[in-house]
Every structure is written in C-alpha cells, then in structure tokens.
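**Q** Starting from these lines, generate the structure:
(chains A and B)
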There are 2 protein chains.
Amino acid sequence: MDNFSFYTPTRYKFGRGVENMVGEMARNEGWRTVLIIYGGGSAIRSGLLEKVCTSLSQAGVSFVTFGGIKPNPTDGPVREAIGMCRRCNPDGIIAVGGGSVIDTAKAVAAGFYHDGDFWDFFAGKAPVEKALPIGVVLTIPAAGSEGSGNAVITNTETGQKISIRTEFVLRPVFSLLDPELTYTLPAAQTAAGIADMMAHIMERYFTTTEGVEVTDRLAEGLLMAIMDQAKVVMAEPENYDARANIMWSGTLAHNGICGCGRREDWGSHGLEHVLSAEYGVTHGAGLAVVFPAWMTFMASHKPAKVAQLGQRVFGIPADLSPEKGALETATKFRGFFKSLGLPTTLGELGIEGADFGYLTRCFLRDKGNPFKGYMTLGPEEVEAIYRLMV
Amino acid sequence: MDNFSFYTPTRYKFGRGVENMVGEMARNEGWRTVLIIYGGGSAIRSGLLEKVCTSLSQAGVSFVTFGGIKPNPTDGPVREAIGMCRRCNPDGIIAVGGGSVIDTAKAVAAGFYHDGDFWDFFAGKAPVEKALPIGVVLTIPAAGSEGSGNAVITNTETGQKISIRTEFVLRPVFSLLDPELTYTLPAAQTAAGIADMMAHIMERYFTTTEGVEVTDRLAEGLLMAIMDQAKVVMAEPENYDARANIMWSGTLAHNGICGCGRREDWGSHGLEHVLSAEYGVTHGAGLAVVFPAWMTFMASHKPAKVAQLGQRVFGIPADLSPEKGALETATKFRGFFKSLGLPTTLGELGIEGADFGYLTRCFLRDKGNPFKGYMTLGPEEVEAIYRLMV
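**A** The predicted model follows:
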C-alpha cells in the first residue's frame, strides 16, 4: 500500500426533501449572496430551481442565477459565469444539477480567484489553490462530482476534454442528495450514470500497487451493489431504495475512498474523453464501450486484476486461466451494460469509420506518451484498444 | 434506506513516518500550545513520544504532557487532565496511543468547555456541543476512535462503561496512521483489535432497515479484507501491507461509512461493556466471546441477516435454511476468532460462575429495557445470550 492523504470535508445530507435545506446550509456557511448555476429546462420544469430559490430566500440568502449548462460542459459558459461572479461577488456557488453543472461551478469557483484565464488550470499551467466554496443539489447520480475534488471541462477551441484534480479545494462544502429527484431521469441517462460510477471504481481498481486488499474489497462491494440495484432501478424508476443505493454509490465511487493508498489508472476515461470531445457522445455511454474493450485487451496483456475482479464480482471460476478469466469478465461487463440498454460498440454509439490513428494521437496528447497506468500504453496498444471497440 | 447526515472532516495522513508530521499538522491548525495525552511506557520505550515532542518543538508548538492512561479508560484521569487543561489553556490536544488514549482525549476536550462534571455527557445530562480540537498519532488499530465522533469511558464509582456519540464535534481534526508503529503490538492485542473493528462493522450490519445494499456490501467487503489480512498479520507481524490494510480497515470500520442510512444495533457492544466494567476484560477479547453467542441466539430468533452475512463472507450455501445458515455463520466467526488465539467462551476469558441475572440487569440499565436493536431484547433474551457464552 502506498502512503496517502485523505480529507473529505463535505457535509452530506441524504434523503427525501433535503433540497429544501439548501437555504439553511448556505446560511450556516455564512453566505449572504450566492450564484446558482444550473443546466437546461428540467430544473425549471420540475420545480426544483423554484424550491432552491425559495429555500435560499427564506434563509435570507440572496442569489443570481446562471443557467444553460449542457452535458460535456465547455469553456465558454465558465468564462461567462466567472464574469458574472466578478460583478456580483458571491460568497458561494450553488450547483443545481449533475456533473456538468457541478464541474462548471468548480471551474468558475477556482477561476474567480485566478488572474489569467481559467483554462490555465486545465492546461497544467497553474495549480488550483483557492476557490469559492460550492454547495450542491444533485439531480443525476453519475459523475460523483458532488463529493470529489475533481472537474472536467471541454475546450471547444482545442477539442480537449481535460480533468483536474485537487485533494480538497474543489470538494463541495455541502451536498444535498435526494433520491426522489432522480425518479424522472430518462432510462438512458440513468444507465449512462451507472456506467460512469462503475468506471470511477474500476479506474481505481486497476492498479499496479500491491497489498491493497481493503480498497479492492470496497471497490468490489460497491460494484456488486450498483449492478444489483441497477436492475431494480431500470425496472422500477420510482423505487426509492434502489434510487438511493445508486445515488450514494455514485458519490462513494468518486470521493476517493476506493483509491486510498493505490496508484490509479484513468486510461479508460482518457480513451472516452477523446470520443466525447470528437463525437459529443454521452460520457457514460462511451465508457460502456471503452471498458469491455480495455478489459479484452488486458486479457492478453495483463489479465491478473481483471480476472480477480470477475471472480469476486461475477463468481467466475478461479480455476480458469487468468486470460480466460479476464475475457469472461469483459464479456460479463459487456452483457451487463447491454442489459441496461447501453451501447457496447462504437457503431452502437453512432460512430462509423473512425480514424483510429487520430483518436490514438489525441489520447496520447492528452494523457502523455506513453501513458503510464495499470499497463504502460504506447501508440500501438492504444490503437489496438480502440479497434476492439468496433 | 433512512435519511442521513454524513460529515467526516478528519485529515488523514497514512503511511511510513507520518508521525513526524505532527508538528506541521498542529501548526497548520494554528495551535501554539497543546496537551499531549498518552498511555503507558510503550510510547516512551519505543521512542514515539520523543518523536512527537521533537516534531512539535521543531514546528514551534509548545506542549505539556499527561501520561498513564490505561485500557478501559476511567473517569479519574479525565478529570485530572481537564484540570491540567484549565491551567495551561491549550489550543488543541494530541492523543498518542490507541482508543483508550483517544477517548480520554475526547472526554477531556469536551469537558474543558463544560461547567459541570464531564460525566454529564455520558450520563445523558448534557450534549457535547463544543470541544477542543484533537489530533491523533495512532498506535493500535482497533477502536476506530481516530476517525469517529465517539468516545467510551468507564465510571469507576458506578461501574458503568458508557459510550457517547457526536456527528462531528469529537472527530479528530487530523489523524496520523503509520502501520510500522503497530509492528511491536503483542499478538493478543493485535487479535483483540481485529475483533473490535469487526464488531464495529457488524454492529452496523445487523439492522432493521431495508434496502441498504450499498452499505451491506461495504461492510461485507471490509470484513473479508480484515479476515484475509488478519491471517497474514498474525503470521508475519512486520508485514507492512497487511498491517496497513488492518490499520485502515479499523478506521473505516468506525468512521460511519458502513452505517449511512441504516439503524445500527450496538447490543453486542453493550453486552461486552458490562463484562469489561465488571471483570476488566479486554474489549476486543470480550467481543470475540459475545458475537458468536449473539449470532447463535439470532439463529433461532431472527436469522436472516446473520445468514446473509455468512453466505457472502464465508460462502455458506444459500440453500441452507436461514437458521442453519446463521448457526454456520456463528461457527465460522467463532472459528476465525479462535484462529487468532482469542477466547470464545466466558471461561476462556477467565470468567467463572458469572451471575447472569446481574449481568442482564447491568446491560438493561445501561442500554434501556427493553433494548431496541436488530431485535428487541428484554431480560429473558439478554440472559439467554449471556448463557450462550459459557
């Protein structure tokens, strides 16, 4: 096990109606004025934005709003919202939405204090050392941004989708998680969110660090719980307990608890970010294509940990060779993603005639060449993985 | 799943040599003077206390020391240390030791601000609303107090061993966990610590709350990791990875992550606290006697969750009746505790001719009559469980 730091100072309130605590939580933080960032019309149509505004008003917290954040959030709205922040000088930001909204809020929160352009953080030119505090009202269990110190933004000019990571500066100070807010999510979005949270766990699971049984077991347990509850949620979208299990799993998948003391991979996320940046596909749907292909590649190159996962999560017999065990694991995950109605090939993702050489160059540009993860990947390996997605 | 709050703002530093960060951590908290609380001679003999003092001195943090805390810590030293705090007015308390030292530090930290006697908190006469901040250098993985908001103190006058629980006021602000500090723990103490952390998980596992798959799976995963690594640690006391897995498991077992959204039991702890208060037995050793007896009782009264645990953790066949499955689970746990050299009967614990009626009355006095946990327990049930420990 590697040495590690772990600090997760987010106050979680979880359950029915917790969104109505947003005013009280903001006031307890000492906030007098906040910027509310939200997405499209669903927060308005569902009445959630109204609830948030009412709660803040009743607590005596004033606000300005900034809507229109789209999936795979981009740099333009971040700059606009930073400008708005500089005019109204809020004490905090309330993100009402899923990962795209929260990640935008994080980029704004850090950019507010930065003299140059906020993209400096994502280009690796400046570290995030200070940020406005953020509160979250979560509507989509997927990205885990409600508990993480991470953010992902796409630069429309360069076509790069880049993530940044802080130990705690970008962790929300509070996150309000009401499973009932997720009842009306379309099935495709629920499924993509499930693939996303599973990917967050697996990126941590596939490690070169030895002697990490406790985090291995946490990761396996979370994956089993998610797959079990995913079935229920897809069949009964208004099953409270299943929605609750999925929602809390999404937070635990990415708050760092599964990564303590181990080097992580994040190659599959990099492979997917290229697809999202190039073709605008839904992140979770892209991951459902990427992960089985990545596992299939690993079966013939570095099967041990993939086979272990399959044994423990799917009960794949331990007496299979590691290669066969890993292949069977890939098949099981592919089957699971299919059962949720997710795509598992580039074709099903709507991508035909991809230029694999180009995708490979994009990946290595963003992640380093060679990419050093669970296995070191150069151009040949990366292209081979992309080709397995066909 | 029940609604819940979760807030764990402890900064963890984990790994080789992190005890040398204590000065830097204290200074970062803005502390200028601290009270160091420690246990017996081992912190002196091992040189750990010296390291802590040197680190604080180099960081410009002055200190006073208060040693001599014993296992099953009592009220007397708490009052003495509160008096010392009032004379030297520290900015924080550094606990160097295991659960007994940390729990004493917590009682002192809260008592410092309380006008009456600190036992008011334990007698349920006053809530803990404010406490001096605490930093921890952990030497024994067992109690989980380094990450919890809880504390347990024994009142020597009344013979009561009582625990209190806060959501976050008594959580340490930082905890430094170096697995190498645990290399020299005697085997019996290592084993008792393992039983203690397992009990912390199982007290949360045995719940009346339905629909809590994610925390079920986390608990099962932790238990499997602990039992796997326990074997290694007992055979190779200086195996770093195994010590590290056990140490971090002990923290996760009790920081609340396994209890989110579920009612907890804590009946077995209550049964053991009576034994510790009456006979001075080691808490973890007592739990190794209590838990298999409790499970055996549940096999014929409420077997479902016990049987589920056995299926998932020990692979006990799912086609056994719940009663047989639960009995088999009790047998497996008893066997595991025996394999660590722990006692599994009152006789092996050195208790002969116990007055079961008296023990039962003590339990119901401390925990309420009837005790409402996974199963509601009146005098008859409690006495039956004690009798199964013979």
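**Q** For the closest residue to A:F314 other than its chain neighbours, give me its contacts.
**A** For A:F314, the nearest residue in space outside its immediate sequence neighbours is A:K332; the separation is 4.6 Å by C-beta to C-beta, 6 or more residues apart in numbering or on different chains. All C-beta spots, glycine's among them, are computed from the backbone N, C-alpha and C. When contacts are counted by C-beta atoms under 8 Å, 6 or more residues apart in numbering or on different chains, A:K332 touches A:G310, A:F314, A:I316.
**Q** Buried only: go through these for me.
**A** Neighbour counting with 16 or more other C-beta atoms under 10 Å in any protein chain shown marks A:G310, A:F314, A:I316 as buried within these.
**Q** Tell me which of these fall in helices.
**A** A:G310, A:F314 (DSSP state H).
**Q** Doesn't A:I164 lie inside a strand?
**A** Yes: assessed with DSSP: H, G, I helix; E, B strand; the rest coil, A:I164 lies in a strand.
**Q** So what's the predicted local confidence for it?
**A** Note on A:I164: pLDDT of 95.
**Q** next one: A:K106
**A** 98.
**Q** Check the offset of the helix or strand containing it from the chain's centre.
**A** Per DSSP states H and E: A:K106 is located in helix A:99-111. Here helix A:99-111 is found 13 Å from its chain centre; the criterion is C-alpha atoms, centre = their mean, to the nearest Å.
**Q** Show me which residues of stretch A:312-320 are buried.
**A** So stretch A:312-320, judged by 16+ other C-beta under 10 Å, has buried residues A:R312, A:V313, A:F314, A:I316, A:L320.
**Q** May I see these organised as JSON lines, with pLDDT added?
**A** What follows is those, written out as JSON lines (pLDDT from 0 to 100):
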{"residue": "A:R312", "pLDDT": "98"}
{"residue": "A:V313", "pLDDT": "98"}
{"residue": "A:F314", "pLDDT": "98"}
{"residue": "A:I316", "pLDDT": "98"}
{"residue": "A:L320", "pLDDT": "97"}
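**Q** quick check, nearest of the residues you listed to A:T154?
**A** A:V313 (31.9 Å; C-beta to C-beta).
**Q** thinking the closest one is in contact with A:E220, fair?
**A** Yes: counting by C-beta atoms under 8 Å, A:V313 touches A:E220, with 5.4 Å between them.
**Q** which residue ranges form the helices in the stretch 151-300 of chain A?
**A** A:187-205, A:213-235, A:240-252, A:267-279, A:283-299 (DSSP state H, counting those that start in this stretch).
**Q** Those into CSV, with extra columns for mean neighbour count, distance to chain B and mean pLDDT?
**A** Shown next, in CSV, are those (neighbours: other C-beta atoms under 10 Å in any protein chain shown; distance: least, C-beta to the nearest C-beta, whole Å; pLDDT from 0 to 100):
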stretch, mean neighbour count, distance to chain B, mean pLDDT
helix A:187-205, 25, 11, 98
helix A:213-235, 23, 3, 98
helix A:240-252, 26, 3, 98
helix A:267-279, 23, 22, 94
helix A:283-299, 26, 19, 97
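**Q** those strands in the stretch 51-200 of chain A, which residues are they?
**A** For the stretch 51-200 of chain A, applying DSSP state E, counting those that start in this stretch gives strands covering A:62-66, A:92-97, A:134-138, A:150-155, A:160-165, A:174-177.
**Q** May I see these arranged in JSON lines, with mean neighbour count and distance to B:G144 as well?
**A** Shown next, in JSON lines, are the strands of the stretch 51-200 of chain A (neighbours: other C-beta atoms under 10 Å in any protein chain shown; distance: least, C-beta to C-beta, whole Å):
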{"stretch": "strand A:62-66", "mean neighbour count": "17", "distance to B:G144": "40"}
{"stretch": "strand A:92-97", "mean neighbour count": "28", "distance to B:G144": "33"}
{"stretch": "strand A:134-138", "mean neighbour count": "29", "distance to B:G144": "28"}
{"stretch": "strand A:150-155", "mean neighbour count": "23", "distance to B:G144": "28"}
{"stretch": "strand A:160-165", "mean neighbour count": "19", "distance to B:G144": "28"}
{"stretch": "strand A:174-177", "mean neighbour count": "26", "distance to B:G144": "24"}
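**Q** Show me how the record splits chain A into domains.
**A** A:11-182, A:187-387 (automatic domain parsing).
**Q** Out of these, which is closest to B:R79?
**A** domain A:11-182 (33.3 Å).
**Q** And the closest one, end to end?
**A** Domain A:11-182 has an end-to-end distance of 20 Å (C-alpha to C-alpha, to the nearest Å).
**Q** Contact partners for A:L181?
**A** Counted by C-beta under 8 Å, 6+ apart, A:L181 has contacts A:E19, A:S46, A:L48, A:V137, A:L138, A:T139.
**Q** again, 7 Å this time
**A** A:E19, A:L48, A:T139 (C-beta atoms under 7 Å, 6 or more residues apart in numbering or on different chains).
**Q** Give me the distance between it and A:G341.
**A** Computed as C-beta to C-beta, to the nearest Å, the A:L181 to A:G341 distance reads 22 Å.
**Q** now swap in A:A81 and tell me
**A** A:A81 is 34 Å from A:G341, by C-beta to C-beta.
**Q** So for the two, which sits in the more crowded spot?
**A** Using other C-beta atoms under 10 Å in any protein chain shown as the criterion, A:A81 and A:G341 rank with A:A81 on top: 25 against 14.
**Q** ok, and the closest non-adjacent residue to the more buried one?
**A** Nearest to A:A81 is A:V108, by C-beta to C-beta, 6+ apart, at 4.4 Å.
**Q** Enumerate every residue touching that neighbour.
**A** Counted by C-beta under 7 Å, 6+ apart, A:V108 has contacts A:I37, A:V78, A:A81, A:I82, A:C85, A:I93.
**Q** Please report how far the second one lies from B:P292.
**A** This means A:V78. Distance from A:V78 to B:P292, by C-beta to C-beta: 57 Å.
**Q** what do you get for the last one?
**A** Using C-beta to C-beta, A:I93 is found at 52 Å from B:P292.
**Q** can you check the third one too?
**A** In this structure, A:A81 and B:P292 are 58 Å apart, going by C-beta to C-beta.
**Q** pLDDT wise, what is the spatially most central residue of chain A at?
**A** Residue closest to the average C-alpha location in chain A (C-alpha atoms, centre = their mean): A:A143, at 2.5 Å. Looking at A:A143, its pLDDT stands at 96.
**Q** Relative to A:T104, how far out is it?
**A** 11 Å.
**Q** and what of A:F371?
**A** Distance from A:F371 to A:T104, by C-beta to C-beta: 27 Å.
**Q** Which one's more surrounded, the two?
**A** A:T104 (31 against 20).
**Q** In contact with the more buried one, which residues?
**A** Neighbours of A:T104 in contact, by C-beta under 7 Å, 6+ apart: A:I37, A:I69, A:P73, A:P77, A:V78, A:A81.
**Q** same deal with A:R387?
**A** A:F356.
**Q** Mind pulling the model confidence for it?
**A** For A:R387, pLDDT reads 98.
**Q** okay, now the residue in the stretch 51-200 of chain A positioned nearest to chain B: neighbour count?
**A** Per C-beta to the nearest C-beta, A:P179 is where the stretch 51-200 of chain A lies closest to chain B, at 7.9 Å. Residues near A:P179, counting by other C-beta under 10 Å, number 25.
**Q** Wait, it touches A:S249, no?
**A** No: if you go by C-beta atoms under 7 Å, A:P179 and A:S249 don't touch, sitting 11.2 Å apart.
**Q** Now the common contact residues for those two.
**A** Joint contacts of A:P179 and A:S249 (C-beta under 7 Å, 6+ apart) do not exist.
**Q** Most distant residue from the centre of chain A?
**A** Chain A, C-alpha atoms, centre = their mean, max distance from centroid: A:D319 (34.6 Å).
**Q** Tell me the spacing between that residue and A:A326.
**A** On the measure of C-beta to C-beta, A:D319 and A:A326 end up 14 Å apart.
**Q** In contact with A:G60, which residues are there?
**A** A:G60 touches A:R27, counting by C-beta under 7 Å, 6+ apart.
**Q** I'd like to know how far it sits from A:R32.
**A** Taken as C-beta to C-beta, the span from A:G60 to A:R32 is 8 Å.
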